[in-house]
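Q: Please find the sequence and the predicted model below.
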Amino acid sequence: MTREIRFNAFTMNTPVHLSPGLWRHPRDRATDFTKLSHWLDLARLWERGLFDGVFLADVLGPYDVFGNSPRAAIAHGTQLPAHDPLLLVSAMAAVTEHLGFGVTVSLTYEPAFLLARRFSTLDHLTGGRIGWNIVTSYLDSAARAMGLSRQRGHDDRYAEAEHYMRAVYGLWEQSWADDAVIRDRASGLYADPARVRVIDHHSPAGAMQALHIVEPSPQRTPVLYQAGSSGAGQAFAARHAECVFVSGPSEAVIGPRVAKLREEVRAAGRRPEEVLVFALATAIVAPSRAEALDRLAEYRSYVDHEGALTLLSGWVGVDYAGYDLDQKIRYIENDAGRAAMANFSRADPSREWTVREVAEYVGIGGMGPVFAGSPADVAEAMERWIAKTDVDGFNLAHAVLPETFTDIVDFLVPELQERGLYKTAYAPGTLREKLFGAGPRLAAGHPARALAAYT
């Protein structure tokens with residue numbers, strides 16, 4: 001059976017997401033990120049291309065590891081300014097019917113009650129098309145902004161996340177019975193108080209005693225995304241995630257991670273088909289291979305190498321400002337992104353990277369591969385990646401916005417459709433129904449459903 005390739009657009013409410021320096025390109029419109037019309041046009045484009053959704057990244061602090069200062073991030077616009085992604089969703093949902101919205105929100109710095117309320121509201125307003133990318137944050141600058149001296153330890157953050165998930169599951173799945181809302185005009189009864197309960201949750205971080213103050217939404221729990229690839233991150237994803245985002249420069253890095261994740265999912269008592277895996281990639285597509293390679297070369301001439309190292313330093317928690325560009329990358333254990341550090345060190349022992357090579361690589365699309373060529377070239381490259389890594393699709397970053405996505409929609413999508421590898425129409429229903437073909441609620445084997453019995 002042919003596996004359908006799935007696409008998410010991967011971007012951020014910022015002038016520079018994963019291609020530092022490309023904002024200077026004469027055809028790039030990423031600096032229009034402050035304009036609502038910019039996001040509405042993108043949403044319409046992604047829906048025209050039948051993208052499953054847009055995956056909106058976010059950070060809560062500047063990348064200040066490079067040079068021990070935020071100066072480089074400020075100067076190069078490297079994920080700074082970073083505006084709130086959640087505030088874009090309602091407007092984009094209003095001009096689309098099917099596009100999903102996966103939004104990054106850190107559980108480390110927001111009470112579970114407030115996060116649950118916000119996502120339930122968006123689930124209503126989008127007609128059940130919202131997803132939450134669960135992150136625990138990795139920047140010390142974000143921790144300091146929240147009044148802490150530094151971020152918590154890597155594995156400690158995931159342990160805290162387990163307690164947090166029980167709190168939001170309680171609010172989403174347990175607080176209101178399915179039949180609680182009555183809306184009986186004759187009697188004047190809007191909801192049955194006997195069918196609504198207060199959730200009493202206790203954890204080492206504190207207690208929550210709360211009634212969910214949003215009525216049950218189409219999905220109740222938003223589609224759950226997760227991007228951790230460390231040991232603790234994968235174990236967490238196996239228990240909770242429905243969509244997992246992985247990033248790495250080669251099949252040799254990504255394949256073993258996906259295989260381990262699938263094993264963890266089975267060990268957690270869930271079915272493998274309950275989890276979709278999306279790999280980071282960038283696709284540079286043109287009518288011919290020569291045109292695409294010329295375009296890629298043009299894009300590379302705009303790469304900002306210091307901006308790329310600013311990103312890399314933030315991701316891995318190592319200040320590369322003091323490194324010789326020809327120095328080899330070596331794995332260093334810390335509390336930042338462990339999988340990000342492994343991508344260019346021990347994850348693929350057959351390849352040694354210098355600082356210069358990583359800066360050049362990261363300059364277009366971050367840590368994922370760049371597929372460049374004709375529609376047939378890119379379609380075949382994606383097929384090979386999926387065959388070798390067992391991913392289900394791609395989170396597609398952009399080099400030049402919206403040009404990268406326009407070319408994918410106009411050239412690559414029709415090629416994939418002709419090969420029977422891409423949908424020709426959206427499935428009906430909520431985001432969860434479109435992705436998994438079942439009902440709007442979490443799968444029966446998901447741990448949140450075990451908490452959800454209401455009698």
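A: The structure has been received and is ready for your questions. Remember, it's a predicted structure, so these values are computed and weren't measured experimentally. Numbers count the residues shown, from 1 in each chain.

Q: And for residue 190, the neighbour number?
A: The number of residues packed near residue 190 is 12, by other C-beta atoms under 10 Å. Any C-beta I mention is one placed from the backbone N, CA and C, and that applies to glycine too.

Q: Please name the spatially closest residue to it (chain neighbours excluded).
A: Using C-beta to C-beta, 6 or more residues apart in numbering and skipping residues adjacent in sequence, the residue nearest residue 190 is residue 183, 5.9 Å away.

Q: So residue 186: helix, strand or coil?
A: The local conformation at residue 186, judged by DSSP: H, G, I helix; E, B strand; the rest coil, is coil.

Q: mind checking pLDDT for it?
A: Here the pLDDT value assigned to residue 186 is 98.

Q: What distance do you get for it to residue 6?
A: Between residue 186 and residue 6 the computed distance is 47 Å (C-beta to C-beta, to the nearest Å).

Q: the more surrounded of the two?
A: More crowded of residue 186 and residue 6, by other C-beta under 10 Å: residue 6, with 22 against 5.

Q: Which residues are in contact with that one?
A: Contact analysis of residue 6 by C-beta atoms under 8 Å, 6 or more residues apart in numbering lists 52, 276, 278, 392, 393, 394, 435.

Q: Kindly report the same for residue 271.
A: 265, 443, 445.

Q: Can you flag which of these belong to helices?
A: residue 265 (DSSP state H).

Q: Can you select the buried ones among the contacts of residue 271 for me in ChimeraX?
A: Selection command for ChimeraX covering only the buried members of the contacts of residue 271, criterion 16 or more other C-beta atoms under 10 Å:
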select :265,443
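
Q: I'd like the contacts of residue 271 as a markdown table, with pLDDT appended.
A: Listed next are the contacts of residue 271 as a markdown table, based on pLDDT from 0 to 100:
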| residue | pLDDT |
| --- | --- |
| 265 | 95 |
| 443 | 94 |
| 445 | 87 |
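
Q: part of a strand, is the residue nearest to residue 190?
A: Yes - under the criterion used here (three-state DSSP), residue 183 sits inside a strand.

Q: Have a look at the chain and report its longest strand.
A: strand 276-285 (DSSP state E).

Q: Neighbouring strands of it in the sheet, and parallel or not?
A: Sheet pairing for strand 276-285, assigned by DSSP bridges, gives strand 243-246 (parallel), strand 370-373 (parallel), strand 393-397 (parallel).

Q: List the contacts of the longest one.
A: Around strand 393-397, the neighbours that count as contacts under C-beta under 8 Å, 6+ apart are 5-11, 17-19, 52, 55, 245, 276-283, 365-366, 368, 382, 386, 404-405, 408.

Q: and if you look at the first one?
A: Residues from elsewhere that reach strand 243-246 (C-beta under 8 Å, 6+ apart): 55, 102, 131, 133, 223-227, 229, 237, 254, 257-258, 261, 275-280, 391, 395, 435.
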